[in-house]
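Trainee: attaching a predicted model along with its sequence, questions to come.
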Amino acid sequence: MATVAHNGVSERIWRRFTAAQRLSRFVVYLVIVAAIVLSIQTIEVIPEFLADAPEQVADLFARMWPVDFPYYPGGVHDALMETIHIATLGTLLSMVLALPVGVLAARNLVPFAAVNLAAKLVLVSSRSVNSLVWALLFVAIFGPGALAGTLAIAFRSIGFVGKLFGEALEEAHPGPIEALTAAGAPWTSRMTFGYWPQVKPAFWSIALFRWDINVRESAVLGLVGAGGIGMVLDSALNLFQWNRVALILVAILAVVILAEVAVTQVRRRIL
Amino acid sequence: MTDPATVAKTLPSDPFRRDVWPRVAAGVLVLYVLYACSRLDVSWERVQTGLENAERFFSRLFPPNFQRWDLLVKGLQESLEIAVLASTLGILLALPIGLCAARNLMPPWVTWPARLIVVMARSFHPVIVAIVFVKAVGFGALAGTLALTVASIGFIGKLFTEAIEEISLKQVEAVRATGAPFASVLAYGVLPQVFSRFIGFATYQLDSNLRNSTMVGIVGAGGIGGTLFAAFQRFDYDFVCAILIAVITLIMIGEVLATAVRAIFIENATLADLLRRGDKMRRVRHSEDD
């Protein structure tokens, strides 16, 4: 707040933020603008390719039409089902694996900072590796196929489910737990009757949310050989069978929309 | 006054009695898992041979090989450029689309097309969108940028719409009552109410774009992903390890920066505050952090 003399009367200028706050915001804006300018200057854009783009897009749609629907029963259906199995099994496995890690990460349940930190490290590393990278690793270990895909989905989801589950546990109301402790309840009873009923809705809602994401993610895992519809997509792309690519894209779109509708319905009915 | 005896009668005999349906659901789930495992050819022998492979694989992964660091730096730089430009473009495009999709401000004939765009943009994984853009604009960073722009439109558009639909209309009405034009209603009635949430998901999207920009290279859309995939296919596992370490470091730095930006804009922290209380910053993380 500065005081300025105005017509002989000193007047206060009210400002919402302090100078330090304004400076901090300015620094953020400056960094953002600098990053954008630098990126535009250095990004590699090949002008010939860009000039060619409208023609290529037209060509793409011309090749995609007509969509090869007759191919669906023989070539796409099984792969699509496999994708859904990968997403579902992966989510289930991640829930089983994330439960203990989430419990260990919750500060009110496990009062040892070192354990909390170790659990959080597991969660962060699970989230920092993209599901495609997890898929590459598991393909190298287990060979191409749905097993690698399922494990990739599961390991990528542990971090997500475990983090949100741990936060739900930390937000649980301490009243019921204190009551149980006062009644002399053992640890297992405190967990099943104190914490679990409080975090149950959050847990199922996290699982549903993640399943929805996993349906989308499992569709691309096949590009690196981890099973599902992505493998069919990959071979159609390599053979330039664009009308089959169009069919696969339509199939993925349908499944993703159905999954979203299913999740919304289940959430409304049960949670 | 109710007599304790009648109260006891109205209570269920066993207060902890379980419902039947969760058990049925659990049974169905177990059956499904067995069925799906049989379909996916998951067997114990495969897991066992896999564990043997894993041992060999991990021994070749270490120690990481940073000899081709110039390739690594070039890839990371391209990934960063893709993430920055895609976030910028995506946010710029998502704001008007998200605004048009808000049911409390716009008529239905405007919201429906806008909602359709957002749903379409959200439906496909960025890597699949990248395939289409690689065909359209050729191999390279431009395809990746456009693919992630589409992903950003989907995510920011959806959340921005939801944020606007939850605002209090009182301020909007007050600004309108002064005879303000529509632009002023937006600038003084709507945007201040959604600004902090906007910062939340904009930083989240930058973070998410950074993660995906390291992946779109798998289909030839620029960034470190191409290098990673090539190294994998040539069984250069020690270089793979080096790339993974670099990518994870980049993503973690991105996450720290995103948290700092959120603290500055949402909690009104200063740069000095951030250096002093690294601990407090952790609280402002976005709950939808992925």
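Mentor: Yep, it's here.
Trainee: please make it C-alpha for all contacts and neighbour counts, starting now.
Mentor: OK.
Trainee: just give me the neighbour total for residue 19.
Mentor: If you meant another chain, say so; for now it's chain A. Applying other C-alpha atoms under 10 Å in any protein chain shown, we find 12 residues neighbouring A:A19.
Trainee: try chain B instead
Mentor: B:D19 has 8 nearby residues by other C-alpha under 10 Å.
Trainee: SS state for it?
Mentor: coil (DSSP: H, G, I helix; E, B strand; the rest coil).
Trainee: likewise A:E11?
Mentor: Three-state call for A:E11 (three-state DSSP): strand.
Trainee: count the residues that sit near it.
Mentor: Other residues within reach of A:E11, judged by other C-alpha under 10 Å, total 12.
Trainee: before we move on, what about A:L60?
Mentor: Neighbour number of A:L60 under other C-alpha under 10 Å is 17.
Trainee: correct me if wrong: it contacts B:V134.
Mentor: No. Counting by C-alpha atoms under 8 Å, A:L60 does not reach B:V134; the two are 10.9 Å apart.
Trainee: and the helix or strand encompassing A:V245, what does it pack onto?
Mentor: Element membership for A:V245, per DSSP states H and E: helix A:242-270. Contacts defined by 3 or more C-alpha pairs under 8 Å, 6 or more residues apart in numbering or on different chains; DSSP states H and E place helix A:242-270 against helix A:47-64, helix A:196-221, helix A:229-238, helix B:108-123.
Trainee: and of those, who's closest to A:V115?
Mentor: Among the helices and strands packed on helix A:242-270, the nearest to A:V115 by C-alpha to C-alpha is helix A:196-221 (21.0 Å).
Trainee: pLDDT of the helix or strand where B:L31 lies, averaged?
Mentor: Taking DSSP H and E as the definition, B:L31 sits inside helix B:21-39. In this model, helix B:21-39 has an average pLDDT of 83.
Trainee: immediately after it, which helix or strand?
Mentor: Following helix B:21-39 toward the C-terminus (DSSP H and E): helix B:44-61.
Trainee: mind checking if the helix or strand following that following helix is in reach of chain A?
Mentor: Remark: after helix B:44-61, the chain's next helix or strand is helix B:69-101, criterion DSSP H and E. Yes. Using C-alpha under 8 Å from any C-alpha of the partner chain, helix B:69-101 reaches chain A at B:E78, B:E81, B:I82, B:V84, B:L85, B:T88.
Trainee: just the buried positions in helix B:69-101, please.
Mentor: Residues of helix B:69-101 classed as buried: B:72, B:75-91, B:93-95, B:97-101 (neighbour count, 16 or more other C-alpha atoms under 10 Å in any protein chain shown).
Trainee: that helix - what's its average pLDDT?
Mentor: Helix B:69-101 shows a mean pLDDT of 88.
Trainee: so which elements touch it?
Mentor: Using 3+ C-alpha pairs under 8 Å, 6+ apart, helix B:69-101 is in contact with helix A:19-42, helix B:108-123, helix B:141-165, helix B:191-213, helix B:224-233.
Trainee: distance to B:L40 added to those, as JSON lines?
Mentor: Shown next, in JSON lines, are the helices and strands packed on helix B:69-101 (distance: least, C-alpha to C-alpha, whole Å):
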{"stretch": "helix A:19-42", "distance to B:L40": "44"}
{"stretch": "helix B:108-123", "distance to B:L40": "25"}
{"stretch": "helix B:141-165", "distance to B:L40": "30"}
{"stretch": "helix B:191-213", "distance to B:L40": "28"}
{"stretch": "helix B:224-233", "distance to B:L40": "24"}
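Trainee: identify, out of those helices, the most deeply packed stretch.
Mentor: Of all these, helix B:141-165 carries the top mean neighbour count, a mean of 26, counting by mean count of other C-alpha atoms under 10 Å in any protein chain shown.
Trainee: that helix close to chain A?
Mentor: Yes. Counting by C-alpha under 8 Å from any C-alpha, chain A is contacted by helix B:141-165 at B:A141, B:L142.
Trainee: counting contacts, what elements does that helix pack onto?
Mentor: Using 3+ C-alpha pairs under 8 Å, 6+ apart as the test, helix B:141-165 ends up in contact with helix B:69-101, helix B:108-123, helix B:126-137, helix B:191-213.
Trainee: quick check: next helix or strand after it?
Mentor: helix B:169-177.
Trainee: list the contacts of A:R25.
Mentor: The neighbours of A:R25, taking C-alpha atoms under 8 Å, 6 or more residues apart in numbering or on different chains as the test, are B:I264, B:F265.
Trainee: look at it and report its pLDDT.
Mentor: 84.
Trainee: and the gap between it and B:L191?
Mentor: 18 Å (C-alpha to C-alpha, to the nearest Å).
Trainee: coming back round to it: show me what counts as buried in the helix holding A:V245.
Mentor: Across helix A:242-270, burial judged by 16+ other C-alpha under 10 Å covers A:242-249, A:251-253, A:255-257, A:259-260, A:263.
Trainee: next: stretch A:192-211.
Mentor: For stretch A:192-211, the buried set under the neighbour-count rule, 16+ other C-alpha under 10 Å, comprises A:194-196, A:198-199, A:202-211.
Trainee: report the secondary structure state of B:N104.
Mentor: Per three-state DSSP, B:N104 ends up coil.
Trainee: okay, which residue is most central for the chain?
Mentor: By default, I'm working from chain A. A:I213 (5.9 Å; C-alpha atoms, centre = their mean).
Trainee: ah, I was thinking of chain B
Mentor: Chain B has B:S208 as the residue nearest its centroid, 4.8 Å off, counting by C-alpha atoms, centre = their mean.
Trainee: mind saving the C-alpha coords of stretch B:56-69 as PDB?
Mentor: This file holds the C-alpha atoms of stretch B:56-69, laid out as PDB (Å, rounded to 0.1, in the frame of the first residue of the first chain):
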ATOM      1  CA  ARG B  56      18.200 -61.600 -17.500                       C
ATOM      2  CA  PHE B  57      16.400 -58.500 -18.600                       C
ATOM      3  CA  PHE B  58      17.200 -56.500 -15.400                       C
ATOM      4  CA  SER B  59      20.800 -57.600 -15.500                       C
ATOM      5  CA  ARG B  60      21.100 -56.100 -19.000                       C
ATOM      6  CA  LEU B  61      19.200 -52.900 -18.000                       C
ATOM      7  CA  PHE B  62      21.900 -52.000 -15.500                       C
ATOM      8  CA  PRO B  63      24.200 -50.100 -15.500                       C
ATOM      9  CA  PRO B  64      22.500 -47.400 -17.500                       C
ATOM     10  CA  ASN B  65      24.400 -46.200 -20.500                       C
ATOM     11  CA  PHE B  66      24.600 -42.400 -21.000                       C
ATOM     12  CA  GLN B  67      27.100 -42.400 -23.800                       C
ATOM     13  CA  ARG B  68      24.600 -41.200 -26.400                       C
ATOM     14  CA  TRP B  69      23.500 -38.300 -24.300                       C
END
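Trainee: what does it rub up against?
Mentor: A:A140, A:I141, B:Y237, B:D238, B:F239, B:V240, B:C241, B:A242.
Trainee: out of these, which are inside helices?
Mentor: Among these, the members found in helices (DSSP state H) are A:A140, A:I141, B:Y237, B:D238, B:F239, B:V240, B:C241, B:A242.
Trainee: determine which two of these are furthest apart.
Mentor: Distance extremes for these: the farthest pair is A:I141 and B:A242 at 18.5 Å, using C-alpha to C-alpha.
Trainee: in the stretch 151-290 of chain B, which residue sits nearest chain A?
Mentor: As assessed by C-alpha to the nearest C-alpha, chain A sits closest to B:T270 within the stretch 151-290 of chain B, at 4.9 Å.
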